[in-house]
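S.K.: Structure here, sequence nowhere to be found:
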């Protein structure tokens, strides 16, 4: 859920009883790309606080190598 399941949304879900949450979609190729803004945006979605667990990270992309590295 792009631009929806951020940390604030996950905290609300947990307060309502969610036992596991998911991050926003993270584009694997953006994590290693040359575009600084896209790389920073993708990396930010991977940052989880200690109380933000369990949380599954949703990765997507077309490059098998980038997905494996991510």
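M.R.: Yes, it's here. Everything numeric in this text was worked out from a predicted model, so none of it was measured. Numbering: from 1, shown residues only.
S.K.: Show me where the protein has its strands.
M.R.: Assigned by DSSP state E, the chain shows strands spanning 21-27, 55-60.
S.K.: end to end, how far does stretch 24-37 reach?
M.R.: Stretch 24-37 has an end-to-end distance of 17 Å (C-alpha to C-alpha, to the nearest Å).
S.K.: Would you mark the buried spots in that stretch?
M.R.: Residues of stretch 24-37 classed as buried: 24, 25, 26, 27, 28, 29, 30, 31 (neighbour count, 16 or more other C-beta atoms under 10 Å). Every residue, glycine included, has its C-beta placed from N, CA and C.
S.K.: Model confidence score at the third one, please.
M.R.: According to the prediction, residue 26 has pLDDT 93.
S.K.: picking up where we left off before, distance to residue 61 for the buried residues of stretch 24-37 - can I get that in TSV?
M.R.: Listed next are these as TSV, based on distance: C-beta to C-beta, whole Å:
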residue	distance to residue 61
24	14
25	10
26	9
27	6
28	4
29	5
30	8
31	9
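S.K.: of those, closest to residue 55?
M.R.: residue 24 (11.0 Å; C-beta to C-beta).
S.K.: correct me, but that closest one touches residue 3?
M.R.: Yes - at 6.4 Å, residue 24 and residue 3 qualify as touching, with contact defined as C-beta atoms under 8 Å.
S.K.: for the buried residues of stretch 24-37, which one is nearest residue 57?
M.R.: residue 26 (6.3 Å).
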